[in-house]
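S.K.: Provided below are the primary sequence and the corresponding predicted coordinates.
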Amino acid sequence: MLDSLTLVFEKLFVLSNFNLFKNLWLEEEEETCNTSTTLKRGDLLEVQRTLFTHFGIYLGDNKVAHLMPDIMPLLTVNEKKINAVVTNKRLVLGCIYKKASIRVDTVGDFAYGARIFVNSVDGRMKTKALAQEDVAQRAEKMVGDIPYSLLWYNCEHFATYCRYDSPVSEQTDQFCETLKTVVRDQRSVLLTISLGILSIACFGLAPSTTLPTVLIPFALWMAG
């Protein structure tokens with residue numbers, strides 16, 4: 001049951017817009033940069049995406065190590081295809097199939113035209129950043145294919161582990177807090193009941209329609 005709930009939450013996490021929460025953090029950013037000339041080896045970089053904020057570790061020489069969901073390693077062993085810039089389709093399928101790789105790309109490919117924020121997480125972390133060289137070496141050692149989880153191990157977990165020795169994700173925490181708010185709002189019960197009745201009306205009485213109509217509102221009611 002727990003695995004099923006986790007899977008549902010992860011799919012919701014794909015569809016949610018993480019940047020809704022990021023607006024609160026941007027006021028506290030300490031440093032920004034748009035070129036690799038001012039970056040230092042071991043810096044933690046972050047850029048805004050449409051659906052999330054992406055993190056990486058600068059390795060020097062215009063290279064960034066970052067964790068990317070990617071379905072391609074499951075489909076081919078062709079290094080040229082795997083090393084190509086990850087498309088949105090590859091990324092989404094990687095999320096669904098929980099497959100990712102820690103890869104090294106240029107700063108330009110990592111940023112993808114967005115502004116780069118540098119070490120802005122330092123002021124929000126409870127632990128002090130490791131030495132810059134230690135951060136970079138840790139990221140380099142982790143390069144390769146790894147399992148992926150939107151909630152429990154994403155690009156932010158990787159970057160914060162490398163820099164602070166503590167894999168945390170503010171995006172995940174914010175999502176979970178928002179989810180708690182939705183669960184506590186008893187209007188969610190009425191909404192799920194309405195959707196359940198609508199599905200029964202459309203598809204008829206069956207375990208696949210009746211059980212969710214009863215169990216999901218009941219779980220929300222008890223949780224609230």
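M.R.: Arrived safely, thanks for sending. Residues are numbered from 1 along each chain as shown.

S.K.: Let me know how buried Val92 is, in neighbour terms.
M.R.: Other residues near Val92 number 14, with proximity taken as other Cβ atoms under 10 Å. C-beta here means a position set from N, CA and C on the backbone, and glycine is covered the same way.

S.K.: Which strand or helix spans it?
M.R.: Assigned by DSSP states H and E, Val92 belongs to helix 88-96.

S.K.: if you average pLDDT over that helix, what comes out?
M.R.: The average pLDDT within helix 88-96 is 83.

S.K.: just checking, next helix/strand downstream of that helix?
M.R.: strand 99-106.

S.K.: Buried residues, that next one. List them.
M.R.: Across strand 99-106, burial judged by 16 or more other Cβ atoms under 10 Å covers Lys99, Ala100, Ser101, Ile102, Arg103, Val104, Asp105.

S.K.: Contacts for the helix or strand that comes right after it next, please.
M.R.: Per DSSP H and E, the first helix or strand lying C-terminal to strand 99-106 is helix 107-111. Helix 107-111 is contacted by residues 34-36, 39, 45, 47, 54, 56, 58, 62-64, 66, 85, 116 when judged by Cβ atoms under 8 Å, 6 or more residues apart in numbering.

S.K.: again, only this time at 10 Å
M.R.: 33-37, 39, 45-48, 54-56, 58-59, 61-66, 68, 84-86, 103-105, 116 (Cβ atoms under 10 Å, 6 or more residues apart in numbering).

S.K.: Kindly report the same for stretch 76-87.
M.R.: In contact with stretch 76-87 (Cβ under 10 Å, 6+ apart) are residues 66, 68-73, 75, 90, 93-94, 100-101, 103-106, 108-110, 112, 145.

S.K.: Drop anything exposed from those residues.
M.R.: Buried by 16+ other Cβ under 10 Å: 66, 68-73, 90, 93-94, 100-101, 103-105, 110, out of these.

S.K.: Which of those sits closest to Glu177?
M.R.: Checking the buried ones among the contacts of stretch 76-87 against Glu177 by Cβ to Cβ gives Pro69 as the nearest, at 23.0 Å.

S.K.: ok, and the closest non-adjacent residue to the closest one?
M.R.: Spatially, and ignoring its direct neighbours in sequence, Pro69 is nearest to Gly94 (3.2 Å; Cβ to Cβ, 6 or more residues apart in numbering).

S.K.: in terms of contact, does that neighbour touch Ser101 like I think?
M.R.: Yes. Assessed by Cβ atoms under 10 Å, Gly94 is found in contact with Ser101 at 8.5 Å.

S.K.: what is in contact with these two at once?
M.R.: Common neighbours of Gly94 and Ser101 (Cβ under 10 Å, 6+ apart) are Met68, Pro69, Asp70, Met72, Pro73, Val86, Tyr148.

S.K.: Take these and keep only those in helices.
M.R.: Among the shared contacts of Gly94 and Ser101, the ones falling in helices (DSSP state H) are Met72, Pro73.

S.K.: can you tell me which of the shared contacts of Gly94 and Ser101 are in strands?
M.R.: Members of those lying in strands (criterion: DSSP state E): Met68, Pro69.

S.K.: can you list the shared contacts of Gly94 and Ser101 in CSV and add distance to Gly123?
M.R.: Shown next, in CSV, are the shared contacts of Gly94 and Ser101 (distance: Cβ to Cβ, whole Å):
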residue, distance to Gly123
Met68, 26
Pro69, 28
Asp70, 31
Met72, 36
Pro73, 35
Val86, 30
Tyr148, 28
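
S.K.: That's all I had, so thanks and see you.
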